[in-house]
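Trainee: Give me the fold of what follows.
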Amino acid sequence: MTAPNQPSQQDKIKADLLGRKPVDSVQAFNLHHITRLSAIIKRLRDKGWPIITEQEKGNGIARYSLPEDWKPADPDRQAGGHKKAC
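Mentor: Below you'll find the predicted structure:
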């Protein structure tokens, strides 16, 4: 469970993707202790995120990224899950 005022696992992956950092399961575990990256990617895709999958040759690890020109409709809400106060 996420502590109050702490980003969720999904928020962390959103931030990585929006920062144009490709994400794979090894990085997600090492950086964020996330073990079910594919489940997070599916939830984001279900919300309309056009996540690209590239399969690494030799080891089969999937690396996820966003198209360079894609931005969410409301970046404040999408990146952190909460609207910023003005």
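Trainee: Show me the shaky parts of the protein.
Mentor: Along the chain, the parts satisfying pLDDT under 70 run over 1-3, 74-86.
Trainee: show me what contacts the residue most central in space within the chain?
Mentor: Centroid-nearest residue in the chain: Ile13, 2.6 Å away (criterion: C-alpha atoms, centre = their mean). Residues near Ile13 by C-beta atoms under 8 Å, 6 or more residues apart in numbering: 23, 28, 32, 34, 37, 40-41, 44. Quick note: C-beta positions are derived from backbone N, CA and C, even for glycine.
Trainee: Kindly report the same for Asp24.
Mentor: 37, 56, 61-64.
Trainee: before we move on, the earlier item: might you specify the subset of the contacts of Ile13 located within helices?
Mentor: Those of the contacts of Ile13 mapping onto helices are 28, 32, 37, 40-41, 44, per DSSP state H.
Trainee: ok so, going back, can you tell me the element the residue nearest to the centre of the chain falls in?
Mentor: helix 9-18 (DSSP states H and E).
Trainee: mind listing what's buried in that helix?
Mentor: Neighbour counts over helix 9-18 (16 or more other C-beta atoms under 10 Å) mark 9-14, 16-18 as buried.
Trainee: Can you pull the phi/psi pair for Ser65?
Mentor: Per-residue torsions, Ser65: phi -150, psi 170 (degrees, to the nearest 10).
Trainee: hang on, it packs against Pro50?
Mentor: No: checked against C-beta atoms under 8 Å, the pair Ser65 and Pro50 is beyond contact range at 10.1 Å.
Trainee: Looking at those two, which one has more neighbours?
Mentor: Ser65 (17 against 9; other C-beta atoms under 10 Å).
Trainee: Can you tell me how far that one is from Pro4?
Mentor: 31 Å (C-beta to C-beta, to the nearest Å).
Trainee: Could you verify that Glu54 is part of a strand?
Mentor: Yes: assessed with DSSP: H, G, I helix; E, B strand; the rest coil, Glu54 lies in a strand.
Trainee: Adjust the sequence numbering to begin at 28 for everything that follows.
Mentor: Yes, from this point I'll number from 28; that puts the last item at Glu81.
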